[in-house]
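Engineer: When you get a sec, could you give me coordinates for this:
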Amino acid sequence: MFNGKRLSLARKRQKLTAKELAEKAGVSPVTITRLETGQNQADSGTLEKLAEVLGYPVQFFFKEDPALLSAEIVSFRSLSSMTAKERNAALSAGDNGVEVYEWLENRYNLPALDLPYFDPELTPEAAADALRQHWGLSYQPIANMMKLVEAKGIRVLGLEETTANVDAFSFWQNDKAYVFLNSFKSAERSIFDTAHELGHLVLHRHGQTSGADEDTRTAEVEANRFASAFLMPEEDVRARMPRLITADLILRAKKRWRVSAMALAYRLAHLTKPMLSEWQYRSICIELGKRGYRTSEPDGIPRETSVLWGKVLSQLWAERKSLVDVADELSLPMTEVERLLFFILPQHGTDNQGGEVRRSKLSIVK
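Structural biologist: Below is the predicted model:
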């Protein structure tokens, strides 16, 4: 049976209002509303036209209800900077991402989720330290953040949007944790984003992160504090950084923790016992900004990519299959599967340093 919720999802993913879709498909806005609310069933001619306009296979509209994520459970950074179309498109990408992972889970044995519940009274820094200890990380720098969270069962996908207003986000769905990363960021900022969203998953597991502006700001500050402490443990920072800190020293030292220069400067100024005074912090930030480090990382590190999806594609290739087959099985547009995976996949069979990708196998569920 035709599923109007699927029509609504596809429309929002393509950033169209009901009126805009109606005009493109040559039907009335009332028809779209009635189809989406389940009051009417689509005839074959209307359905084919809608599928053509939206770029979705006809079979997509006959699948069961999607997850239908809401803004209240998704960790959007700032709803005020997003248009309704951008927010709805991102939520629809999340819905499609959930289905991609459901498809994956039905075929492969994925890593089990290892994200324990911590006392909500813990400070973000204490929660970061507790998770590091739980995962046996000690205080050493994390060599690959995306590989780490995937190994702990967190489901990572990319977010290939045409706007910088939609930032990375995360959510819980059916006791599974998801992180979506924005392709607009530098490699260092994507690593911090991963840790930031991990912070939301740990700190705000049962709470809203996109409600009132004040609540959102508080949640964002907490997630930033978690990410900063998780990536740059105070013990390691104090052991490695000298007393006299300059912008040049930060540019050299940031490579150890694989973070942006601004993130390291912030961490040094916000330790339990700060290593930078407020005046020193402002001065260094001004200097780093003049050198182009406020919005980018001129001497950046290679971008992290997904180990899990690299293995999945290697297995598919061994079976003479590709992402086209994945899209067909999911009844999703190929472009949508590419948008979810392109950012996190090694390109052209190479890793970030240009070396050959090792194609390890996942075990297949029988």
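Engineer: C-alpha only now, for contacts and for neighbours.
Structural biologist: Fine.
Engineer: For the stretch 101-250 of the chain, which residues score under the pLDDT cut-off?
Structural biologist: By pLDDT under 70, the low-scoring segments of the stretch 101-250 of the chain are 161-164, 206-215.
Engineer: ranges for the helices of it?
Structural biologist: Taking DSSP state H, counting those that start in this stretch to define them, one finds helices in the stretch 101-250 of the chain at 124-134, 145-151, 187-203, 213-231, 234-240, 247-257.
Engineer: Helix or strand for K49, just tell me which one.
Structural biologist: Counting by DSSP states H and E, the element that carries K49 is helix 44-54.
Engineer: before we move on, what about N40?
Structural biologist: Following DSSP H and E, there is no helix or strand that holds N40.
Engineer: Can you give me the neighbour number for the closest residue to it other than its chain neighbours?
Structural biologist: Setting aside the residues directly before and after it, N40 is nearest to R34 in space (Cα to Cα, 6 or more residues apart in numbering), at 5.5 Å. Counted with other Cα atoms under 10 Å, residues neighbouring R34 total 14.
Engineer: so R34 touches V27, yeah?
Structural biologist: No - using Cα atoms under 8 Å, R34 is not in contact with V27, being 11.6 Å away.
Engineer: For stretch 197-216, measure first residue to last.
Structural biologist: Start to finish, the residues bounding stretch 197-216 are 13 Å apart (Cα to Cα, to the nearest Å).
Engineer: let me fix that: stretch 174-188
Structural biologist: Start-to-end span of stretch 174-188 (Cα to Cα) is 30 Å.
Engineer: do the same with stretch 26-46
Structural biologist: 9 Å.
Engineer: that older thread, to L69, which of the helices of the stretch 101-250 of the chain lies closest?
Structural biologist: Of all these, helix 187-203 sits nearest to L69, with 15.5 Å by Cα to Cα.
Engineer: packing partners for the closest one?
Structural biologist: Counting contacts by 3 or more Cα pairs under 8 Å, 6 or more residues apart in numbering; DSSP states H and E, helix 187-203 is packed against helix 124-134, helix 145-151, strand 169-173, strand 176-182, helix 213-231.
Engineer: Tell me what angle it forms with helix 247-257.
Structural biologist: Here the directions of helix 187-203 and helix 247-257 differ by 60 degrees (axes from the mean of the first three to the mean of the last three Cα atoms, to 10 degrees).
Engineer: chain center to helix 187-203: distance?
Structural biologist: 9 Å (Cα atoms, centre = their mean, to the nearest Å).
Engineer: tell me the angle of it relative to helix 124-134?
Structural biologist: In terms of direction (the same axes, to 10 degrees), helix 187-203 departs from helix 124-134 by 90 degrees.
Engineer: what's next to helix 187-203, contact-wise?
Structural biologist: Helix 187-203 has contacts (Cα atoms under 8 Å, 6 or more residues apart in numbering) with 75, 115-118, 120, 124, 127-128, 145-146, 168-172, 177, 179, 181-182, 209, 219, 222-224, 226-228, 230-231, 258-260, 297, 300-304.
Engineer: Over to stretch 147-158?
Structural biologist: If you take Cα under 8 Å, 6+ apart as the criterion, stretch 147-158 is touched by 97, 101, 110-115, 146, 176-183, 305-308, 339-344.
Engineer: Weed out the non-buried ones from those.
Structural biologist: Among the contacts of stretch 147-158, those classed as buried by 16 or more other Cα atoms under 10 Å are 97, 101, 110, 113, 115, 146, 177-183, 305-308, 339-344.
Engineer: my guess is L54 contacts L9, does it?
Structural biologist: No - with contact defined as Cα under 8 Å, L54 does not count as touching L9 (10.3 Å).
Engineer: Please parse this structure into its domains.
Structural biologist: As recorded under automatic domain parsing, the domains making up the chain are 1-66, 68-231+305-366, 234-290.
Engineer: Tell me the spacing between the most centrally placed residue in the chain and A269.
Structural biologist: In the chain, the residue lying closest to the centroid (Cα atoms, centre = their mean) is F180, at 1.6 Å. To A269, F180 is 29 Å away according to Cα to Cα.
Engineer: what does N144 give?
Structural biologist: 25 Å.
Engineer: Of those two, which one has the most company?
Structural biologist: Using other Cα under 10 Å as the criterion, N144 and A269 rank with A269 on top: 19 against 15.
Engineer: circling back to that earlier point, distance to L332 for the helices and strands packed on helix 187-203 - can I get that in TSV?
Structural biologist: Formatted as TSV, these follow (distance: least, Cα to Cα, whole Å):
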stretch	distance to L332
helix 124-134	36
helix 145-151	24
strand 169-173	20
strand 176-182	18
helix 213-231	33
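Engineer: Out of the ones you listed, the one nearest Q59 is which?
Structural biologist: Q59 lies closest, by Cα to Cα, to one member of these: strand 169-173, at 24.3 Å.
Engineer: can you tell me the average pLDDT over the helix holding K49?
Structural biologist: Averaging pLDDT along helix 44-54 yields 96.
Engineer: Which elements pack onto it?
Structural biologist: Packing partners of helix 44-54 (3+ Cα pairs under 8 Å, 6+ apart): helix 18-25.
Engineer: now whichever helix or strand comes after the helix it packs on: how far from the chain's centre is it?
Structural biologist: Toward the C-terminus, helix 18-25 is succeeded by helix 29-36 as the next helix or strand (DSSP H and E). How far helix 29-36 lies from its chain's middle: 32 Å, per Cα atoms, centre = their mean.
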